[in-house]
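Undergrad: no FASTA, just this:
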């Protein structure tokens, strides 16, 4: 992978020569603008408004537009003399717990590679220190003409730099939350909890861009002179008329899709990908376990009491039998006569 920045990590008095490599890449399908009549490429040309002519790249510079529209030229030489200590340095300023970083601040990610054999030892030292502390490093660095805020963390055996937005670049969510009073009942929360537990977790590696795949199918079909595949039927207008009914139906469908086989795959809902496994609802499992345990205790106690009663009755019968004299046997003739009368 090609490096996009070379510099050093400043860790106290320790300097670690490093280089940055893009950690992510885009797989989106890109399109060109064309003239619909003849498929000719549409290109943008850089034209000077005052002279009304196209200019070359060597004639283009930078300027800041003031409030009154005045253009203030800024040259590369002006920017190169700025008092910027982070021009070629990732300067670590603090170490904080990872949960202190708001995900809203997360920006682009870069792998940090040690630049040469001499950098291997201090690089490994910083990596292991981050691992053992369970913290992330907050740093300042300059990239593409401006100073940025960053966070260093460890992924496998590599230090990763995440660009962070400055705190004042994250907008406050004013006027975004619903401005009406809404009461959510416990039963609705229970159903939502049941749906979450039934859907279970998902392995992110199993998720993929279905839209991009569909676009690629359309392109392949048109390139081969075939009819593009038909679009699937819409999933619905998304209107929820009865929240409780919608939740109950969602839970029922999710459970039915498992086929009653405990840990099973859940049906792909609205193309979001299919979770591998789903867990049974925790609250239901705990309640069932308690009821089962309680029933077993009751049964056990009842069995013990019944056994004790039988034992006592057996002892009483045994004692009565011992005290009562044995009855004399009737003569055989009397027994036979008695049998005839009975018949």
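TA: Received, thanks. Predicted model, so just to flag it, every value in this text is computed and none were measured.

Undergrad: check which helices and strands the helix or strand where residue 251 lies sits against.
TA: Assigned by DSSP states H and E, residue 251 belongs to helix 243-257. The contact analysis (3 or more C-beta pairs under 8 Å, 6 or more residues apart in numbering; DSSP states H and E) places helix 243-257 against helix 186-199. In short, each C-beta sits where N, CA and C put it, glycine included.

Undergrad: and the helices in the protein?
TA: 76-80, 120-133, 186-199, 210-223, 243-257, 282-323, 332-342 (DSSP state H).

Undergrad: so for the second one, mean pLDDT?
TA: In this case it means helix 120-133. Mean pLDDT, helix 120-133: 95.

Undergrad: shaky segments in the stretch 151-300 of the chain?
TA: Judged by pLDDT under 70, the stretch 151-300 of the chain has its weakly predicted residues at 234-241, 258-300.

Undergrad: what's around residue 198, how many residues?
TA: 21 (other C-beta atoms under 10 Å).

Undergrad: residue 92 too?
TA: 20.

Undergrad: just the buried positions in stretch 46-60, please.
TA: Residues of stretch 46-60 include none that count as buried (16 or more other C-beta atoms under 10 Å).

Undergrad: centre of the chain versus it, how much separation?
TA: 48 Å (C-alpha atoms, centre = their mean, to the nearest Å).

Undergrad: stretch 104-124 too?
TA: 25 Å.

Undergrad: show me what counts as buried in it.
TA: 105, 109-115, 119, 122-123.

Undergrad: endpoints of it, how far apart?
TA: Terminal residues of stretch 104-124 lie 29 Å apart, using C-alpha to C-alpha, to the nearest Å.

Undergrad: how close does residue 88 sit to residue 71?
TA: 30 Å (C-beta to C-beta, to the nearest Å).

Undergrad: now do residue 117
TA: Residue 117 is 49 Å from residue 71, by C-beta to C-beta.

Undergrad: and for residue 175?
TA: 35 Å.

Undergrad: tell me which of those two has more neighbours.
TA: residue 71 (10 against 6).

Undergrad: contacts only, for the more buried one.
TA: By C-beta atoms under 8 Å, 6 or more residues apart in numbering, residue 71 lies in contact with 63-65.

Undergrad: on the pLDDT front, check residue 29 for me.
TA: 91.

Undergrad: excluding its backbone neighbours, what's nearest residue 166?
TA: residue 149 (5.6 Å; C-beta to C-beta, 6 or more residues apart in numbering).

Undergrad: what residues are up against the one you found?
TA: Contacts of residue 149 by C-beta under 8 Å, 6+ apart are 105, 138-140, 163-166.

Undergrad: I'm done for today, thanks for sticking with me.
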